[in-house]
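Visitor: sequence and predicted structure are below.
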Amino acid sequence: MKEENLNSPLSVFKRVGPTIVKRFRKLGVKTIKDLLFYYPFRYDDFSKIVPISQLKAGETATIKGQIILIANRRSPVKKMIITEAIVSDQSGSIKVVWFNQPFLTKILKPGMKVYLAGQADYYLGTFQLTNPSYEKFKPKTLHTARLVPVYPSTENLTQKQIRWLIKLALPFVRKIEEWLPKEIIKNFNLLPLKQSILQIHFPKNKKILQKAIERLKFDELFLLQLKNHYLKKKLKSQRAPAIKFKEKETKDFVESLNFKLTNAQRKTAWEIIKDLEKNHPMNRLLEGDVGSGKTIVAAIAILNILLNNYQAIVMTPTEILAEQHFKTFTKLFKNFPFKIALLTRTKKTTNFKKKIKKQELLKKISSGEVNLILGTHTLIQEKVEFKNPALVIVDEQHRFGVEQRAKLIKKIKEKPKGNYSPHFLSMTATPIPRSLALTLYGDLDLSIIDEMPPGRKEIITKIVAPHQRKDIYEFIKKEIKNGRQAFVVCPLIDPSDKLGVKAATTEYEKLSKEVFPDIPLGILHGKLKPEEKEKTMREFLEKKIKILVSTSVIEVGIDIPNASIMMIEGAERFGLAQLYQLRGRVGRSPHQAYCFIFIERESEKTRKRLEALIKAKNGFELAEKDLEIRGPGEIYGLKQSGFLNELKIARLTDFNLIKKAKEAVKYIFSQDNELNSFPLIQEKIKEISENIHLE
């Protein structure tokens, strides 16, 4: 082979044709480097080689023996080909069976010495090995007689093919550069990178495998912390308008409210005001439990922006939530001369006295006549131009990406020269454990509303047994008769091939025809057109619809104070934090609220999770539990956010390693703030910065 490098395609290897290349591409593996950094997700322990006579039923082990005979026969029942063999060693013999692998008789011949790895069991009274991994006897094995790596795969790509190709790529490990400084490797007792790559794929033993995993996890978490540090530093170098705190107007506004702010609301509002006074962009995450009152905290920030003669923008993931915010802020600012506009893909609304056409509205936004603009991501996608926004609030998006930020900044007419960026506030009602938030959002400052407004009744939550279903239906009828409304949430939109899982469409049919024929029902899910969703939500809000059958599309920001019942089907299919969000759709009025949970497939783990939902005092406590039970990917749609793509092997629950990675980043910058002494880390930052453009 001519001199190849880490960026060479897989096709440089002999016997790797276009078909194999295509299959690996599906896994995101295109180059030799991709292959080396393609990690196993588990290991089969076939390292224990035992004599045949000492094999035990149900035990996983490897035997080393000689094939005495091997032949194919056709099964009369399912017409499958069965390959049977007798394998012996000095201690005894065993029958070996493979299904639908007739080609084995061409590979394995009588007299051949082989390793066979798998689980021995009794079948029809005979002790046998069924479908074991096989390998011809050789000093260094790949598929047997060792800790065998198991990789994520795709259709028509076998584990043997993946291992074989990775083995071919291993000599290229010598070309991988050790980029961590020696003192970091020494101080944190880390394995060298080259050794870690070799051991992650074909470990000598469990101890060294753990060290390899630790090193590769550390690298990912170190880069994540480095990225956060870089983002924070970059934002600090940017300019934003310094917003003067309008103390008198703010106090008057707070006193005019028909409720008293909680201490947590006051504290978080003050943190935001202090940030807005600085001349570099605020970058803050406001976390608050369902119903904790984040909107009023946001309103105090917006008030100060508008009184300083700047514009404010509020962006939400859904049109329903955008419209809700429009109504809320219009009501809150009714005593101020502020011009407020809602702009989404299907809707245009203002608080102006006269009706206005879309083109004229866009002109008024561009000229600064409109002070507060609310909408979905359409605001950065459509031909909207802003005059001078000083604050952008993003609700329930978890992270407003740097790409969107750059797009938004381009739409500002009156931005000063240099690195200009408005202040940013992200808001979420999804409780994120502090430990996780600080890892994920290390570039964000964190404000937490950890206190609920007084007078809220606790939602009565019950796990309902199947035989009690009729009782719950009767209870719902009674509540509706008393003027209340109910949600019924299903995990799927349409019936699925996954048997036993409730779907919103079929449940709606059943409930409207068989269970509640005299009660008006509505249906809401992601496949409906925006105008259909809007019509349904409006009718539910206006109490024309009494029971709303829905998917988790109602999880975020739907405010129906009159709804007092939340009935959740197939609850085991939702994350704890998601269930908490769903439950938070009720209990928003003085009426007693109820949450009834139905399970399709019960297990000890499911029961444990759902009991945690009932016992948890607040969403943060619950999210910690969810993190512990299910892991971070499931907590709040992180898998969909793309954020976890940079973590192949590390987990956000690796708290000790996260702590070490933070210490390491801190140490690096304490040694040299410009990183001139660490050229390889500078190179990594260059790679990161190519993907981060905040200008």
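Guide: Looks like it came in fine.
Visitor: centre of the chain to the helix or strand hosting Ile20, how far?
Guide: Element membership for Ile20, per DSSP states H and E: helix 18-26. Centroid separation for helix 18-26 versus its chain: 28 Å, with CA atoms, centre = their mean, to the nearest Å.
Visitor: helices or strands next to that helix in the packing?
Guide: helix 159-169 (3 or more CB pairs under 8 Å, 6 or more residues apart in numbering; DSSP states H and E). Heads up, the C-betas are built off the backbone N, CA and C, glycines and all.
Visitor: helices or strands next to the longest helix seen in the chain in the packing?
Guide: Longest among the helix segments of the chain by residue count, using DSSP state H, is helix 206-236. In this structure, helix 206-236 packs against helix 193-201, helix 655-671, helix 679-690, with contacts taken as 3+ CB pairs under 8 Å, 6+ apart.
Visitor: what does the last one rub up against?
Guide: By that I understand helix 679-690. 177-181, 223, 226-227, 230, 668, 675-676 (CB atoms under 8 Å, 6 or more residues apart in numbering).
Visitor: how far off helix 206-236 does it point, in degrees?
Guide: Helix 679-690 runs at 60 degrees relative to helix 206-236, counting by axes from the mean of the first three to the mean of the last three CA atoms, to 10 degrees.
Visitor: then helix 679-690 to PDB, C-alphas only?
Guide: This file holds the C-alpha atoms of helix 679-690, laid out as PDB (Å, rounded to 0.1, in the frame of the first residue of the first chain):
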ATOM      1  CA  PRO A 679      -0.100  25.000  19.800                       C
ATOM      2  CA  LEU A 680      -2.000  21.700  19.500                       C
ATOM      3  CA  ILE A 681      -4.800  22.900  21.800                       C
ATOM      4  CA  GLN A 682      -4.800  26.100  19.700                       C
ATOM      5  CA  GLU A 683      -5.300  23.900  16.700                       C
ATOM      6  CA  LYS A 684      -8.300  22.300  18.400                       C
ATOM      7  CA  ILE A 685      -9.800  25.700  19.200                       C
ATOM      8  CA  LYS A 686      -9.300  26.600  15.500                       C
ATOM      9  CA  GLU A 687     -11.300  23.600  14.600                       C
ATOM     10  CA  ILE A 688     -14.000  24.600  17.100                       C
ATOM     11  CA  SER A 689     -14.000  28.300  16.000                       C
ATOM     12  CA  GLU A 690     -14.500  27.200  12.300                       C
END
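Visitor: how far does that helix sit from the chain's center?
Guide: 26 Å.
Visitor: just for the stretch 1-150 of the chain, where's the confidence low?
Guide: 1-3 (pLDDT under 70).
Visitor: do I have it right that Arg146 meets Lys48?
Guide: No. Taking CB atoms under 8 Å as the definition, Arg146 is not a contact partner of Lys48, at 10.1 Å.
Visitor: Lys478: neighbour count?
Guide: Neighbourhood size, Lys478 [other CB atoms under 10 Å]: 10.
Visitor: picking that back up, specify the next element, helix or strand, located C-terminal of the longest helix of the chain.
Guide: helix 247-256.
Visitor: sheet partners, orientation included, of whichever strand or helix holds Ile373?
Guide: Using DSSP H and E, Ile373 sits within strand 372-375. According to DSSP bridges, strand 372-375 forms sheet pairs with strand 311-315 (parallel), strand 340-343 (parallel).
Visitor: got these as TSV, with mean pLDDT and distance to Lys30 columns?
Guide: Putting the strands paired with strand 372-375 into TSV (pLDDT from 0 to 100; distance: least, CB to CB, whole Å) gives the following:
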stretch	mean pLDDT	distance to Lys30
strand 311-315	95	35
strand 340-343	94	41
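Visitor: show me where the stretch 401-550 of the chain has helices.
Guide: 402-410, 434-440, 469-481, 504-510, 530-541 (DSSP state H, counting those that start in this stretch).
Visitor: as a markdown table, those with mean pLDDT and distance to Phe336 would be great.
Guide: What follows is the helices of the stretch 401-550 of the chain, written out as a markdown table (pLDDT from 0 to 100; distance: least, CB to CB, whole Å):
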| stretch | mean pLDDT | distance to Phe336 |
| --- | --- | --- |
| helix 402-410 | 74 | 25 |
| helix 434-440 | 63 | 33 |
| helix 469-481 | 94 | 39 |
| helix 504-510 | 89 | 41 |
| helix 530-541 | 83 | 26 |
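Visitor: nearest to Gln90 among those would be which one?
Guide: When those are ranked by proximity to Gln90, the top entry is helix 434-440, at 55.1 Å, counting by CB to CB.
Visitor: identify each buried residue in stretch 380-392, please.
Guide: Buried positions in stretch 380-392, judged by neighbour count with 16 or more other CB atoms under 10 Å: 380, 384, 386-392.
Visitor: start to end distance for that stretch?
Guide: 12 Å (CA to CA, to the nearest Å).
Visitor: skipping its backbone neighbours, what lies nearest the residue of the chain positioned farthest from its centre in space?
Guide: Relative to the mean C-alpha coordinate of the chain, counting by CA atoms, centre = their mean, the farthest residue is Gln90 (53.7 Å). In space, Gln90 comes closest to Pro51 once its chain neighbours are excluded; the distance is 7.2 Å by CB to CB, 6 or more residues apart in numbering.
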